[in-house]
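Participant: For reference, the sequence and a predicted model appear below.
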2 protein chains.
Amino acid sequence: MHAHAHTSPLQLGGVRSACEYCALFELCWPRGLDASNLQRLQSMVRHTDVLPCGSHLFRVGDEFTAIYAVRSGCIKSYTVDRGGHEFVHGFHLRGEMLGFDAVYPDRHCCNALILESCSLCVIPYRDITRLSQDVPSMQRQLIRVMSHEFATQLRNRGGYGATQRVAAFLVNICSRLRQPDSTTDVFRLPMSREDIASYLSISPETLSRLLAKLHGLGLVDVDRRNVRLVDVTGLDQIAQGIH
Amino acid sequence: MHAHAHTSPLQLGGVRSACEYCALFELCWPRGLDASNLQRLQSMVRHTDVLPCGSHLFRVGDEFTAIYAVRSGCIKSYTVDRGGHEFVHGFHLRGEMLGFDAVYPDRHCCNALILESCSLCVIPYRDITRLSQDVPSMQRQLIRVMSHEFATQLRNRGGYGATQRVAAFLVNICSRLRQPDSTTDVFRLPMSREDIASYLSISPETLSRLLAKLHGLGLVDVDRRNVRLVDVTGLDQIAQGIH
DNA sequence: CGGATGCTTGAAGCTGCTCAAGTGAAGTGG
DNA sequence: CCACTTCACTTGAGCAGCTTCAAGCATCCG
């Protein structure tokens, strides 16, 4: 799901950092970026302090200033409709970006709440666009990253059954939470059942029942927020509607 | 829903064409484009012959070559999953664009089928990106148009009730089908019930019943593909969940 | 310990789906 | 020109999945 998932890893010699496994990787280190422009890019990126759980990174209507990349922690983006009902758009984990929701109207159109204390990379939007005018490969990459971001959003929203969506969510979140070198399918969910349910457009009760059902099928163990995928293949099959 | 819906119309003196009410308008005539670049842009755009109903503009896996804008007619974009089930992503009407689905992987990830014979504007993607490197406002506009395109997609996919979605669809499609100077709420649907149902993630039977229900409420008249919105305000209220 | 919170479980009801039959318009061929 | 087919849509009946409301548990925290 990372932006560079389909490209071969670059060999950068001595240059290695937390960015290496970051979705911004290709954006930060585009092919064809010469030394001076690379310097320019690096100087644009700021690292935040640790942002406390429960605080907002931005809210609906806030001015659009920057793109963010999550270095650690978890952020949920959501909106609230007239009826006061919360609607979770997605979760942003380590190595993932957010902020693109605001590109068009120049104002954020969703809220971003820290679920697990975060540290972020911040890239001022004006700086990105300015640099990408000078460097063709940078511009192409920016547009690609955006496009990919939105495409993944769309893919999740199939009109399939609730069981499929839950199975797909588990497999997806596992691959995104996993440390790059890890091989286990054990992880801890950064978000509540209610958030997951809202994201999947089902009720929390149904989510609970479906988790129990998947456990009954021997596919997954769930204890509070601790999850262990027992049979990833099986979950994948359910996610794809193979009965 | 057009890309320039929130901006004031430009006065271009003698320059008036079919593009005037086109979603590509701001892309084609960005502010700050000088005469020579304007010329360059105009020379990029090609107009297609009339494309016959039932043919494909592109299919999944086709190489990404261009962005298209619909001058007349209707195109549906859709995918088919492993199970052979068709899933309609959206409809592209006069003044609307398509092709952005392919920006990231450089290959189209959905099919585009002509529902009503079309004429299109074709803008080769390489040309756009090349020009946008020279002209800052062009690049900003390109990204905005993309972003807006995707944002509208997301908005439609709320996990609301089927009645709401049908009402929202009717109001939405009416505003998009309406000729710019028209004041009536009478129109002819370019797509089948099955396509609409798939797009709204409901069964054709349910769609049929809900149309009958909305007719019973005195909100809409439907005869085959001919639709007349009797009470747009009422439909809007239902679409927004006001009971 | 008591309360709060978040999750699970149960029972009843509604929404939308499936299967199936019926209708009506448009096209086909004798 | 009219029966016959076809196709798209409508309508009906029963069913399944998901929701809602409500109660029961476990964990966390004072």
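Facilitator: Done, it's in.

Participant: Could I get the full set of helices for chain A?
Facilitator: In chain A, the helices defined using DSSP state H lie at A:25-28, A:35-44, A:125-134, A:136-156, A:162-177, A:193-200, A:204-216, A:232-239.

Participant: and the residue nearest the centre of chain A, what are its bridge partners?
Facilitator: Centroid-nearest residue in chain A: residue A:92, 3.3 Å away (criterion: C-alpha atoms, centre = their mean). Counting by DSSP bridges, residue A:92 forms beta bridges with residue A:75.

Participant: My read is that it contacts residue A:72, right?
Facilitator: No: assessed by C-beta atoms under 8 Å, residue A:92 is found out of contact with residue A:72, at 11.4 Å. Quick note: C-beta positions are derived from backbone N, CA and C, even for glycine.

Participant: Output the below-cut-off pLDDT ranges for chain A.
Facilitator: A:1-33, A:153-159 (pLDDT under 70).

Participant: Give me the domain ranges for it.
Facilitator: Per the record, chain A has its domains at A:18-156, A:162-239, by automatic domain parsing.

Participant: Distance to DNA strand D added to these, as TSV?
Facilitator: Listed next are those as TSV, based on distance: least, C-beta to the nearest atom of the strand, whole Å:
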stretch	distance to DNA strand D
domain A:18-156	9
domain A:162-239	3
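
Participant: These: which one's closest to residue B:174?
Facilitator: Nearest of these to residue B:174, taken as C-beta to C-beta: domain A:18-156 at 22.1 Å.

Participant: residues contacting residue A:236?
Facilitator: A:167, A:171 (C-beta atoms under 8 Å, 6 or more residues apart in numbering or on different chains).

Participant: Point out the residues in chain A that sit beside DNA strand C.
Facilitator: A:192-194, A:204-205, A:207-209, A:211-212, A:222, A:224-225 (C-beta under 7 Å from any atom of the strand).

Participant: Residue A:131 and residue A:40 touch, don't they?
Facilitator: Yes: using C-beta under 8 Å, residue A:131 is in contact with residue A:40, at 6.1 Å.

Participant: what about residue A:192, neighbour count?
Facilitator: For residue A:192, the neighbour count with other C-beta atoms under 10 Å in any protein chain shown is 13.

Participant: State the distance from the residue in chain A positioned nearest to DNA strand C to residue B:198.
Facilitator: The nearest approach of chain A to DNA strand C comes at residue A:208, 3.3 Å away (C-beta to the nearest atom of the strand). In this view, residue A:208 and residue B:198 are 30 Å apart by C-beta to C-beta, to the nearest Å.

Participant: So for those two, which sits in the more crowded spot?
Facilitator: residue B:198 (22 against 13).

Participant: show me what contacts the residue nearest to that one when sequence neighbours are not counted?
Facilitator: Once flanking residues are discounted, residue B:198 sits nearest to residue B:88: 4.1 Å by C-beta to C-beta, 6 or more residues apart in numbering or on different chains. Neighbour list for residue B:88: B:76-78, B:195, B:198-199 [criterion: C-beta under 8 Å, 6+ apart].

Participant: residue contacts, the residue of chain A closest to DNA strand C?
Facilitator: residue A:193.

Participant: okay but residue A:219 is in contact with residue A:227, surely?
Facilitator: No: counting by C-beta under 8 Å, residue A:227 is not a contact partner of residue A:219; they are 11.0 Å apart.

Participant: Can you pull the residues of chain A lying near chain B?
Facilitator: A:6, A:81-83, A:87, A:89, A:100-101, A:103-105, A:109, A:129, A:132-133, A:136, A:139-140, A:142-144, A:146-148, A:150-151, A:153-154, A:157-159, A:201, A:240-241 (C-beta under 8 Å from any C-beta of the partner chain).

Participant: re earlier: tabulate the helices of chain A in JSON lines, adding columns for distance to residue B:54.
Facilitator: Output for the helices of chain A, formatted as JSON lines (distance: least, C-beta to C-beta, whole Å):
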{"stretch": "helix A:25-28", "distance to residue B:54": "40"}
{"stretch": "helix A:35-44", "distance to residue B:54": "49"}
{"stretch": "helix A:125-134", "distance to residue B:54": "41"}
{"stretch": "helix A:136-156", "distance to residue B:54": "26"}
{"stretch": "helix A:162-177", "distance to residue B:54": "32"}
{"stretch": "helix A:193-200", "distance to residue B:54": "37"}
{"stretch": "helix A:204-216", "distance to residue B:54": "41"}
{"stretch": "helix A:232-239", "distance to residue B:54": "34"}
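
Participant: Of the ones you listed, which stretch is the most buried?
Facilitator: With neighbours taken as mean count of other C-beta atoms under 10 Å in any protein chain shown, the helices of chain A reach their highest mean count in helix A:25-28, at a mean of 22.

Participant: Which of the domains of chain A sits closest to residue B:68?
Facilitator: By C-beta to C-beta (comparing all of these), the closest turns out to be domain A:18-156, at 15.9 Å.
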